[in-house]
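1. please work out how this folds:
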Amino acid sequence: MPIYEYRCRDCGADFDLLVRSDTALACPRCGGASLERKMSLTARPGGAGETQPDLSTLGPPPGGCCGGACHCH
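-> Residues are numbered from 1 along each chain as shown. I've put the predicted structure just below:
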């Protein structure tokens, strides 16, 4: 269930919305349905000045990369 950013073309409001398959899209300010989906930026791990975590030691999950379904281990 992704969270998308929208701008209402009717009132200019910017808002985020958790979108499910049955979600009715409408502006929370004016109720308008004329929405424009905006490009979202992804967050990177850590903040300014923080060191990046070392993820190289994690390895695959128990049972292999697919829980054993791929038969690689």
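
2. Pro2: what's it in contact with?
-> Remark: with contacts taken as Cβ atoms under 8 Å, 6 or more residues apart in numbering, Pro2 is in contact with 18-19. Heads up, the C-betas are built off the backbone N, CA and C, glycines and all.

3. change it to 10 Å
-> With contact taken as Cβ atoms under 10 Å, 6 or more residues apart in numbering, Pro2 is in contact with 17-20, 40.

4. now go through those and say which are in strands.
-> Assigned to strands by DSSP state E, the following of the contacts of Pro2 qualify: 17-18.

5. who wins for neighbours among the contacts of Pro2?
-> For the contacts of Pro2, the largest neighbour count, defined by other Cβ atoms under 10 Å, is 17 neighbours, found at Leu17.

6. tell me the bridge partners for that residue.
-> Leu17 has the following beta-bridge partners by DSSP bridges: Tyr4.

7. what number of residues lie near Tyr6?
-> Tyr6 has 19 neighbours, counted by other Cβ under 10 Å.

8. these two touch, right, it and Leu17?
-> Yes: under the contact definition of Cβ atoms under 10 Å, Tyr6 touches Leu17, with a separation of 6.0 Å.
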